[in-house]
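A.B. asks: Got a sequence here, can you model it:
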Amino acid sequence: MSGKVEIIEAPAQWMALIKTKTSPQTIGDDQRRCCAQVKAYLQAQGVEPAGHPVSFYYQMESPTVWTIGAGFPIAAPITGDEPVQIVEIPAGLLATLLHVGPYYGLKEAWQTLESWHQEQRYPLDRTPVFWESHLIHPDNEPDQSKCQARLYWLLSVAR
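C.D. replies: Below is the predicted model of the structure:
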């Protein structure tokens, strides 16, 4: 079940991610693998994640091949080392939506956010940037109805 779309102003945020190719069938395993690698890298650097695990959606080349990034927000930039990349999400206006329930419902939640975006006719001043923050992940909660993911869509960059 997804809530309603909200608009928020957000500060810039640094992320430590690993970019990878995935598919709808392997995305969960690929996200877990990337997050574990990023977490180990951050620990080796003496850096704590500054939030919940995140998944970025860079490109959907086809219905079965996607390019994603998975990792964690960090409080300040550090030096990345392949395959870990440090990226900055610029400050700006975000559309956000909270999804509560089994993760198989995330596709519908993203469709809700995309439909809202089309209805509102927000102009995009850059390539779309969208990601989800895994607040209560199915790996940590056996009752799937309690799982939560917050979806984000960067609408415009602060000037």
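A.B. asks: List the buried residues in stretch 151-159.
C.D. replies: Leu151, Tyr152, Trp153, Leu154, Leu155 (16 or more other C-beta atoms under 10 Å). Heads up, the C-betas are built off the backbone N, CA and C, glycines and all.
A.B. asks: gap between the helix or strand harbouring Trp66 and the chain center?
C.D. replies: Trp66 is part of strand 65-74 when elements are defined by DSSP states H and E. With C-alpha atoms, centre = their mean, to the nearest Å as the basis, the distance from the averaged C-alpha position of strand 65-74 to the chain average is 7 Å.
A.B. asks: Could you point out the helix or strand that follows it?
C.D. replies: With DSSP H and E setting the assignment, the helix or strand that follows strand 65-74 is strand 84-89.
A.B. asks: The strand holding Trp66 vs strand 84-89, what angle?
C.D. replies: Between the axes of strand 65-74 and strand 84-89, defined by axes from the mean of the first three to the mean of the last three C-alpha atoms, to 10 degrees, the angle is 80 degrees.
A.B. asks: before we move on, back to that, using JSON lines, please lay out the buried residues of stretch 151-159 together with secondary structure.
C.D. replies: Listed next are the buried residues of stretch 151-159 as JSON lines, based on DSSP: H, G, I helix; E, B strand; the rest coil:
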{"residue": "Leu151", "secondary structure": "strand"}
{"residue": "Tyr152", "secondary structure": "strand"}
{"residue": "Trp153", "secondary structure": "strand"}
{"residue": "Leu154", "secondary structure": "strand"}
{"residue": "Leu155", "secondary structure": "strand"}
